[in-house]
Each structure stands twice: as C-alpha cells, then as structure tokens.
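A.B. asks: dropping the sequence and predicted coords here.
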Amino acid sequence: MNNRLLRDSSRIAIYPGSFDPITNGHLDLIQRGSRLFDRLIVSILRNESKEPPLFSAEERIEMLREVAEPYPNVEVDSFDGLLVDHAANRAATAILRGIRAISDYEYELQMALMNRRLRPEIETVFMMSNEAYSFISSRMVKEVFSLGGNITGLAPPSVEARMRGRFSKIKQKGA
Ligand code: PNS
C-alpha cells in the first residue's frame with residue numbers, strides 16, 4: 001500500500017476534556033484509546049466556562065505531554081469553540097469519551113447527540129472506565145488533595161508533584 005493510501009485511511013480520534021488535572025482514569029483511556037486508533041489527539045478545552053481552572057491550559061498541555069510520552073501515536077493540543085469544528089480541523093473522524101458510571105450517561109448522551117447533529121460524519125465512541133478508576137474525577141482529586149488527603153494512585157506522580165507545588169503556593173498567598 002502506498003503512503004498516500006495509508007495516510008488517507010488512518011483513523012484519527014480526538015479525546016477532549018478539561019483535564020484539570022489529568023487523573024489515572026484519563027490516562028487509562030489514553031492508553032487504551034491509543035491502541036484503538038492510528039492517532040489519538042488529546043484536546044484540552046481552553047475557554048472553560050464552569051470555574052477558573054487550577055492549572056492554565058499551558059500547564060495542562062505540559063502535564064499531558066509528560067504522561068502521554070510513552071505512546072508515540074498520542075499528541076496533545078488545545079481548542080476553543082465547538083469540539084466538532086476542532087475535530088474536523090484535525091481530520092478526526094471520532095470523538096473518544098469515557099463513561100465511569102450510569103450518572104455520566106445522560107450528559108454524555110446529550111453531548112454525543114448534539115455533536116452528531118452538528119457534524120454527523122464525526123462519530124462519538126465511548127469506552128467504559130476501568131473499574132479501578134471509575135470513582136475518580138478531577139474535581140474530587142482536587143478536593144481531596146486540598147483538604148490534605150492522599151491522592152497516590154488517583155493521578156500520575158508528576159501531576160501529584162505539580163499539585164503539591166500549586167497548593168503550597170495558594171496556601172502561602174492565603175497566609
Ligand atoms: O472534561 P469535561 O468537562 O467532561 O469535557 C467536556 C468537553 C470539553 C468535552 C465539552 O465541554 C466540550 O466539548 N466543550 C466544547 C464546546 C462544544 O463543542 N459544545 C457543544 C457540544 S455539547
């Protein structure tokens with residue numbers, strides 16, 4: 001098969017999210033997703049409307065690049081605006097999302113159907129979380145850590161180290 005044919009038929013997926021910060025649940029999905037697609041692009045949403053993020057988009061990109069390093073077909077970028085437009089710009093044909101529990105389903109279904117309405121050619125693919133990580137969320141990791149709890153095993157060690165740095169800065173500012 002010539003190179004052009006190979007390139008044209010390569011399966012590119014976007015794995016989008018806030019990743020504030022990345023957890024072992026996200027990392028598990030990256031690892032498994034990288035086996036499913038030829039290229040997996042982990043895309044960080046920049047204009048988060050929910051609340052100010054703990055880590056800037058640049059910091060999150062750095063953290064993700066560190067942990068994704070062992071996977072040669074995984075790259076990291078960021079986006080603003082509509083996810084499906086970003087996916088189309090990156091020539092992705094799939095959006096990868098993880099489902100941890102039934103409580104995730106409704107939100108994920110709404111998003112997938114909206115995205116399908118916007119761009120029917122882009123398919124959302126769901127993967128069930130590894131049961132060992134199904135209770136982990138970025139929000140809880142931040143809360144537990146900020147209250148002095150142990151997050152070992154919930155987030156990659158490099159992320160834990162960054163959290164330590166960030167929260168000691170916040171504490172110093174507050175003192
Ligand atoms: O990590 P999260 O918060 O579950 O990720 C949510 C994300 C980034 C996938 C979602 O908020 C998103 O796609 N935002 C971009 C705006 C968009 O495309 N909205 C229309 C589809 S709901």
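C.D. replies: Sure thing, it's come through.
A.B. asks: and the helices in the protein?
C.D. replies: Secondary structure of the chain by DSSP state H: the helices cover 3-8, 24-36, 57-68, 83-89, 102-118, 138-146, 157-174.
A.B. asks: format those helices as JSON lines; extra columns: mean pLDDT.
C.D. replies: Putting those into JSON lines (pLDDT from 0 to 100) gives the following:
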{"stretch": "helix 3-8", "mean pLDDT": "55"}
{"stretch": "helix 24-36", "mean pLDDT": "98"}
{"stretch": "helix 57-68", "mean pLDDT": "97"}
{"stretch": "helix 83-89", "mean pLDDT": "98"}
{"stretch": "helix 102-118", "mean pLDDT": "97"}
{"stretch": "helix 138-146", "mean pLDDT": "95"}
{"stretch": "helix 157-174", "mean pLDDT": "85"}
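A.B. asks: in TSV: the ones you listed, plus distance to the ligand and mean neighbour count.
C.D. replies: Just so you know, the C-beta spots here come from the backbone N, C-alpha and C atoms, and that holds for glycine as well. As requested, the helices of the chain are exported to TSV (distance: least, Cβ to the nearest ligand atom, whole Å; neighbours: other Cβ atoms under 10 Å):
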stretch	distance to the ligand	mean neighbour count
helix 3-8	26	9
helix 24-36	9	19
helix 57-68	11	19
helix 83-89	4	19
helix 102-118	4	13
helix 138-146	7	17
helix 157-174	15	13
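A.B. asks: figure out which of the ones you listed is closest to Glu51.
C.D. replies: helix 138-146 (9.5 Å; Cβ to Cβ).
A.B. asks: tell me what that closest one is packed against?
C.D. replies: helix 157-174 (3 or more Cβ pairs under 8 Å, 6 or more residues apart in numbering; DSSP states H and E).
A.B. asks: now the helix it packs on and helix 138-146, what's the angle there?
C.D. replies: 60 degrees (axes from the mean of the first three to the mean of the last three Cα atoms, to 10 degrees).
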